[in-house]
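**Student:** Generate a structure from the sequence data that follows.
(one chain, ligands or ions: 1)
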Amino acid sequence: MLIVGGTASNSIDERLAAILGAKLAKLEKKDFPDGEFKIRIGTDVKGQDVVIVQSLYNPQETHLLELLFAIDDIKGLGAARVIAVVPYLAYARQNKRFLEGEGISIETVVKLLNAVGTDALVTVRPHKSEPLSGFKGRMAIVEPVRSMAKAIKTKCADPFILSPDKGGTEFAEAVAKSLGCGHASLEKERDYGTGELTIKSLIDGGFRGKDIVIVDDMISGGGTIAASARFSLDNGAKSVGAAAVHMLMLDGAYQRINESRVAWLIGMNTIPYRNAELVDVSEDIAEAIRGLLAST
Ligand code: R5P
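**Tutor:** The predicted model follows:
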């Protein structure tokens, strides 16, 4: 097996090569003055299983195109199989027509991955997995439940897990189960026109006097974590910490979260981010790759 690291691998390629005992090569990229670029694989891939690691954080379009170029090149050079490891899958949130006439971006991304002949796809907790059902190869979705639970334990001795919305309940419940602690969900409402969000109510359980840990799949503008933290503290929580998988952390997100009196914040290394401790997901991804290879 050969691991090829794209320019947006955030060192997960190096960790995977070490964990899996595989050879590592870096994707070469040359930029042209007109904004175009070309890529090159400088290692022999003929007959090999090749894992290309590329996360699709900002600039998403460049990183996606680089990934597609790389897969097409690796296939063209005669690799046996290409496994795309995409720790953060961009466009996963545009999974339906929220407003009439909108495109379903994630379905287009999946069609592109099919078109270049991707044999298998490994991604970490996409926003929703159903829109990936159009992927024709084998797929492994990494749910980094244990890694997140382990990291939460180092921050909070007696946590109570809170999902900020119904969509995140399953993941939050799994993290709570792994920690052997209680959990609850909030009801969040977002206006798709203005983007404004409101926390309407607590769906189940109670958290008075508890050390709340808000668990979410991603932090984008930080509004969800901030509003959930305020709601929790206003309703009797003793303290609030937050743990998310993908740290998009757009401008102002850190400040928004800080101002909402979140005591600590952790994320995962699917996206590089400097202002929070990042948990490494490489072991979880390596396990998924082993599973894919063993079952084919
Ligand atoms: C939404 O359903 C997601 O699970 C996240 O809660 C959301 O994307 C976070 O976005 P923001 O940080 O902008 O509130």
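
**Student:** Up against the ligand, what does the stretch 151-296 of the chain have?
**Tutor:** Counting by C-beta under 6 Å from any ligand atom, the positions of the stretch 151-296 of the chain adjacent to the ligand are 164-165, 167-168, 216-224. To be clear about C-beta, it is placed using only N, CA and C from the backbone, and glycine gets the same treatment.

**Student:** okay, now the domains of this protein?
**Tutor:** 2-143+281-294, 145-279 (automatic domain parsing).

**Student:** For this protein, which helix or strand comes out least confident on mean pLDDT?
**Tutor:** strand 197-202 (a mean of 78; mean pLDDT, DSSP states H and E).

**Student:** Direction included, what does that one pair against?
**Tutor:** strand 183-190 (antiparallel) (DSSP bridges).

**Student:** For the strand it pairs with, could you pull out the residues that count as buried?
**Tutor:** Neighbour counts over strand 183-190 (16 or more other C-beta atoms under 10 Å) mark 183-186, 188 as buried.

**Student:** about what we covered before: lowest-confidence stretch among the domains of the chain?
**Tutor:** Lowest mean pLDDT within these: domain 145-279, a mean of 93.

**Student:** tell me how far the ends of that domain are from each other?
**Tutor:** Counting by C-alpha to C-alpha, to the nearest Å, you get 11 Å between the two ends of domain 145-279.

**Student:** Now which of the residues of the stretch 151-296 of the chain next to the ligand would you call buried?
**Tutor:** 164-165, 168, 216-224.

**Student:** rewinding a little: which member of the buried residues of strand 183-190 is positioned nearest the ligand?
**Tutor:** The shortest approach to the ligand among those belongs to Lys188, at 7.3 Å (C-beta to the nearest ligand atom).

**Student:** wait, what's in contact with the closest residue to the closest one other than its chain neighbours?
**Tutor:** Closest residue in space to Lys188, ignoring its immediate chain neighbours: Asp165 at 4.0 Å, by C-beta to C-beta, 6 or more residues apart in numbering. Listed by C-beta atoms under 8 Å, 6 or more residues apart in numbering, the contact partners of Asp165 are 185-188, 224.

**Student:** coming back round to it: and the residues of the stretch 151-296 of the chain next to the ligand, which of them are in strands?
**Tutor:** Judged by DSSP state E, strands contain the following of those: 216-219.

**Student:** Out of those residues, which two sit at the greatest distance?
**Tutor:** The span of those, defined through C-beta to C-beta, is set by Asp217 and Ile219 at 9.1 Å.

**Student:** which neighbours do these two share?
**Tutor:** 244, 246.

**Student:** before we move on, the earlier item: I'd like the buried ones among the residues of the stretch 151-296 of the chain next to the ligand written out as a markdown table, with distance to Gly42 added.
**Tutor:** Listed next are these as a markdown table, based on distance: C-beta to C-beta, whole Å:
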| residue | distance to Gly42 |
| --- | --- |
| Pro164 | 45 |
| Asp165 | 45 |
| Gly168 | 42 |
| Asp216 | 39 |
| Asp217 | 36 |
| Met218 | 34 |
| Ile219 | 36 |
| Ser220 | 36 |
| Gly221 | 40 |
| Gly222 | 40 |
| Gly223 | 44 |
| Thr224 | 43 |
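
**Student:** Specify which member of those is nearest to Glu287.
**Tutor:** Asp217 (19.3 Å).

**Student:** Hmm, that closest one is touching Ser129, no?
**Tutor:** No: Asp217 lies out of contact with Ser129 (C-beta atoms under 8 Å); the separation is 11.1 Å.

**Student:** what about Ala92, which SS state?
**Tutor:** When classified by DSSP: H, G, I helix; E, B strand; the rest coil, Ala92 comes out as coil.

**Student:** Equivalent analysis for Val45, please.
**Tutor:** Secondary structure of Val45, per three-state DSSP, is coil.

**Student:** Would you confirm that it contacts Lys23?
**Tutor:** No: judged on C-beta under 8 Å, Val45 makes no contact with Lys23 at a distance of 10.5 Å.

**Student:** the more surrounded of these two?
**Tutor:** Val45 (20 against 12; other C-beta atoms under 10 Å).
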